[in-house]
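Q: Mind folding the following:
(2 chains)
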2 protein chains.
Amino acid sequence: MRILAKDMKDAAQRGEKGVRVCGWVHRVRELGALSFVLLRDRSGIVQLVLNEKCAVALESVIAAEGEPALNEKAPGGAELRVAHLECISRAAADLPFQVNGDPAKTSLEAILDNRLLSLRNPKIRAIFKVQAAIVEAFSAHLRAQDFTEIKTSKLVAGSTEGGAELFHVEYFDKKVCLAQSPQFYKQTMVASGLERVFEVAPAYRAEKHDTPRHLNEYVSLDVEMAFIESERDLIELEKGILAHIFEEVNRKCAAELALWGAAAPTPESVERSPIVGYEEAVNIANEGAARTKGGRIFDLNPEAERHICEWAEKEHGSALAFVNEFPRRYRPFYTYPLDATRTMSFDALFRGLEITTGGRRQHDYAAFLETLPKFGLKAEDFEGGYLTLLKYGCPPHGGFAIGCERLTARILGLANVKEASLFPRDRKRISP
Amino acid sequence: MRILAKDMKDAAQRGEKGVRVCGWVHRVRELGALSFVLLRDRSGIVQLVLNEKCAVALESVIAAEGEPALNEKAPGGAELRVAHLECISRAAADLPFQVNGDPAKTSLEAILDNRLLSLRNPKIRAIFKVQAAIVEAFSAHLRAQDFTEIKTSKLVAGSTEGGAELFHVEYFDKKVCLAQSPQFYKQTMVASGLERVFEVAPAYRAEKHDTPRHLNEYVSLDVEMAFIESERDLIELEKGILAHIFEEVNRKCAAELALWGAAAPTPESVERSPIVGYEEAVNIANEGAARTKGGRIFDLNPEAERHICEWAEKEHGSALAFVNEFPRRYRPFYTYPLDATRTMSFDALFRGLEITTGGRRQHDYAAFLETLPKFGLKAEDFEGGYLTLLKYGCPPHGGFAIGCERLTARILGLANVKEASLFPRDRKRISP
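A: Predicted structure coming up:
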């Protein structure tokens, strides 16, 4: 009967014999007539002691049977004294990527070029255990608040956000687009009477620039909710979601966080996170820029996001800050107005990076129609879409999306968001 | 403070005053000076009693305040005697789809043409509450067994299944494809050491035929697992997943199932479901065809799937049947052989429809290389892909995928799988 690496100490303490482990050869050290093999499985790493040379190459998949023994110096406090070793899948000796090395010593290009192997590295693999915990906690928190999970089409005729930055798909005899966001579908499902919906799904942006913040395909954690008053209801909801995610990541992924020397914020610090209006946020950013002798900041650019997060940490003890009341010109046409120039919208900034954009949406048919020409849009383009949605009874509502890779990257302190995507897509990279 | 429709009886029993409900005007009946309005919210339907005519059109969003009162004849056993009614969003009077009607009396075309409104129908909306419960139960069952959720790219350079039936995407200056399945990525993550992975994500098939079984975009519930002996380990895993899904759907979605006069199978019946070899399955299908005076069946076509499920129900008391050991020619090149002609593969059939295809995969590098020419494939096309994956230590493994819409449709007895997709995509339909 196979046991996992993490259970070796228990097995030794119970005095079990004839224990079997399976996994990958992570590291081998020869010492006289003995070999010490570190075996890696899904649970961690365990030491095998062999009375012979280890005849298989690193990364081979093996099964080993023997007797567990306590050993304080071994990882996990126990080792397996091997009586029988079987090679299940022999690895070639020309391993093109050092799986058991420190990824910090390898370039991101090399890590992504060798993705099939770099994902075996425990520190790199840990990123995706954390990401799985994020997705699980996001979904669990929303289900507990009566949100329904939806799955909407990623093939759309046009775009809600305008026509730029779209990937086109040859769909039989038509040309369609990959969805930039489930925006319209989320709103449809809110108006359908589900009231509260969420979706975890890929989203696509055909942005040409290659920055540490951008992916052309990313996982969007989307939320939409009826019967809100303003974006402040959404900020409260997001605080609850993030507090739960951080709590669960800290609880379930202690080992993974330790590999990165990282910790997620406490729920208390999320509670303390400030909400600042856009104008004030720009002022805060400029105070930060003045201190660091940066140039004048006119907009919430990446530098401004960093200054605002530093301010939130210093003044409020929070790694998270919300900026609301964005000017009309910075927000999509469907954003609900606060007054003549400002909107009921917000961004969430976390450890120097924008992780969320959201806001209340215009739900009033007449007001929606009035807004369109101001954005150079024509009503006929929204027939059967927004116009039908709003014409037959639509509650006040709004929502937001959290970029899953950005959140993962900022929790772990990754330098580039691509590190938080299993198989990142950028302008050059389409495989593996 | 707003309460939900489902909580009106509790509120009445507690003698609460000044209760507020919000929702959609589902139905209006005038009786003398009184109006009886059925209000629909995310929790269900509640009756409002007004001392005046209801001045708003069906589907308008309203808020009503008043006093709850027990009334055995009202839905849920209580009603709200309204003191104040506010129209939040007035619906136009020319509603193009009867939201409060019986969808069985409307064509599928009309339902899909009016999707933004047909999704408001309680019976139609119920489909997606069941689907959400399916996705939740699938994920929860696998997490409890140490599976890690993954999110892989849907933009791929080529296809693991051959070049046909692919949608092409204009990706900057390249042409890439929409993934038909996360097959290769699931295998990569198993070999990465995660060992057990699952994914819930869209999958794409550019099939031109329009049948009640097919969607061009569907939600694939994917599973992959290391250290299996044969497809029988996968069948056991799928039985456990389906038993849990059925149990959860029966437990959480009683009201939704009742609307469709449906019930999910019991866990005991899943346990009883038979596993039959391909040859035997074809014989069973032919016995069924003989009884119903059908023609001779040579392959597991849709008619055969129905006969096998009828047989499983009659002989084993199970709505579910597994067919394994498919001939080599019917399976992808990467399927693990059982002997010279058969493979370690299986299908799951449920209530007459194939809902799953799966099997053990070839994990041996040399055997994989030997197989390629037999399928007319060249090794160089797998450099950096399967060849790298298998060359550096890959455990025996396999997996399967459950079609989410097909499973939903068969649980509820829907005639067409499109009914189980929020925004189905077919050759003609790309919006909404």
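
Q: what's around A:Tyr278, how many residues?
A: A:Tyr278: 20 surrounding residues under other C-beta atoms under 10 Å in any protein chain shown. For glycine as for every other residue, the C-beta is placed from the backbone atoms N, C-alpha and C.

Q: Quick one: residues contacting it.
A: When contacts are counted by C-beta atoms under 8 Å, 6 or more residues apart in numbering or on different chains, A:Tyr278 touches A:300, A:323-327, A:330, A:342.

Q: go on, A:Ala262?
A: Neighbours of A:Ala262 in contact, by C-beta under 8 Å, 6+ apart: A:411-413.

Q: do the same with A:Arg143
A: Neighbours of A:Arg143 in contact, by C-beta under 8 Å, 6+ apart: A:149, B:136.

Q: all helices of the stretch 201-350 of chain A, in order?
A: Secondary structure of the stretch 201-350 of chain A (DSSP state H, counting those that start in this stretch): helices located at A:231-252, A:254-260, A:267-271, A:278-291, A:302-316.

Q: Please tabulate those in TSV, including the columns mean pLDDT.
A: Below are those laid out as TSV (pLDDT from 0 to 100):
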stretch	mean pLDDT
helix A:231-252	98
helix A:254-260	98
helix A:267-271	97
helix A:278-291	95
helix A:302-316	97
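
Q: Give me the average confidence score over stretch A:337-356.
A: Here stretch A:337-356 scores 98 as its mean pLDDT.

Q: distance between the ends of it?
A: 19 Å (C-alpha to C-alpha, to the nearest Å).

Q: list the buried ones in that stretch?
A: Neighbour counts over stretch A:337-356 (16 or more other C-beta atoms under 10 Å in any protein chain shown) mark A:337-338, A:342-356 as buried.

Q: Can you tell me who the residue nearest to A:Pro75 when sequence neighbours are not counted pairs with across the strands?
A: Residue nearest to A:Pro75 in three dimensions, not counting chain neighbours: A:Ile45, with 5.0 Å by C-beta to C-beta, 6 or more residues apart in numbering or on different chains. Beta bridges link A:Ile45 to A:Arg40, judged by DSSP bridges.

Q: A:Ile45 contacts A:Ala74, correct?
A: No - A:Ile45 is beyond contact range of A:Ala74, at 9.5 Å (criterion: C-beta atoms under 8 Å).

Q: Which strands border the one helix or strand A:Ile402 maps to, and is each parallel or antiparallel?
A: Following DSSP states H and E, one finds A:Ile402 within strand A:397-403. Strand pairing for strand A:397-403, using DSSP bridges, gives strand A:217-226 (antiparallel), strand A:353-361 (antiparallel).

Q: mind putting those in CSV, distance to A:Asp233 included?
A: Conversion of the strands paired with strand A:397-403 to CSV gives the following (distance: least, C-beta to C-beta, whole Å):
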stretch, distance to A:Asp233
strand A:217-226, 7
strand A:353-361, 8
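
Q: Get me the contact residues on the stretch 201-350 of chain A for chain B.
A: A:201-202, A:206, A:208, A:216-217, A:219, A:227 (C-beta under 8 Å from any C-beta of the partner chain).

Q: redo that, cut-off 10 Å
A: Residues of the stretch 201-350 of chain A lying close to chain B (C-beta under 10 Å from any C-beta of the partner chain) are A:201-202, A:204, A:206, A:208, A:215-219, A:226-227.

Q: Name the nearest of those relative to A:Ala264.
A: A:Val219 (18.0 Å; C-beta to C-beta).

Q: wait, what's in contact with that closest one?
A: A:131, A:134-135, A:200-203, A:402-408, A:420-422, B:151-152, B:201 (C-beta atoms under 10 Å, 6 or more residues apart in numbering or on different chains).

Q: Can you give me the neighbour number for A:Phe322?
A: Neighbours around A:Phe322, by other C-beta under 10 Å: 25.

Q: A:Arg272 is in contact with that one, correct?
A: No - if you go by C-beta atoms under 10 Å, A:Phe322 and A:Arg272 don't touch, sitting 11.7 Å apart.

Q: Identify the residues contacting the residue lying closest to A:Thr343 once chain neighbours are set aside.
A: Closest residue to A:Thr343 apart from its sequence neighbours, by C-beta to C-beta, 6+ apart: A:Thr335 at 4.4 Å. A:Thr335 makes contacts with A:231, A:326, A:328, A:342-345, A:358-362, A:371, A:398, as judged by C-beta under 10 Å, 6+ apart.

Q: now swap in A:Phe400 and tell me
A: A:Phe400 touches A:186, A:221-225, A:231, A:234-235, A:237-238, A:241, A:345-348, A:355-359, counting by C-beta under 10 Å, 6+ apart.

Q: what sits up against stretch A:3-19?
A: Taking C-beta under 10 Å, 6+ apart as the rule, stretch A:3-19 contacts A:1-2, A:20-23, A:26, A:38-48, A:64-71, A:74-81, A:83-84, A:255, B:146, B:195.

Q: switch the cut-off to 6 Å
A: A:41, A:43-46, A:67-70, A:76-78 (C-beta atoms under 6 Å, 6 or more residues apart in numbering or on different chains).

Q: Just give me the closest of the residues you listed to chain B.
A: Chain B lies nearest to A:Asp41 out of the contacts of stretch A:3-19, by C-beta to the nearest C-beta, at 6.8 Å.

Q: ok, the residue nearest to A:Thr343 to chain B distance?
A: 18 Å (C-beta to the nearest C-beta, to the nearest Å).

Q: Which residue, other than its chain neighbours, is closest to A:Tyr218?
A: A:Glu405 (5.4 Å).

Q: Please identify the helix or strand for that neighbour.
A: Taking DSSP H and E as the definition, A:Glu405 sits inside helix A:404-412.

Q: helices and strands around that helix, which ones?
A: If you count contacts as 3 or more C-beta pairs under 6 Å, 6 or more residues apart in numbering or on different chains; DSSP states H and E, helix A:404-412 packs onto strand A:217-226, strand A:353-361.

Q: Helix A:302-316 and that helix, what's the angle between them?
A: 50 degrees (axes from the mean of the first three to the mean of the last three C-alpha atoms, to 10 degrees).

Q: Report how many residues lie close to A:His168.
A: Neighbour tally, A:His168, other C-beta under 10 Å: 14.

Q: residue contacts, it?
A: A:175, A:177, B:170.

Q: Quickly run through the sheet partners of the helix or strand harbouring the last one, with directions.
A: Element membership of B:Glu170 [criterion: DSSP H and E] is strand B:168-171. As defined by DSSP bridges, the strand partners of strand B:168-171 come to strand A:168-171 (antiparallel), strand B:174-178 (antiparallel).
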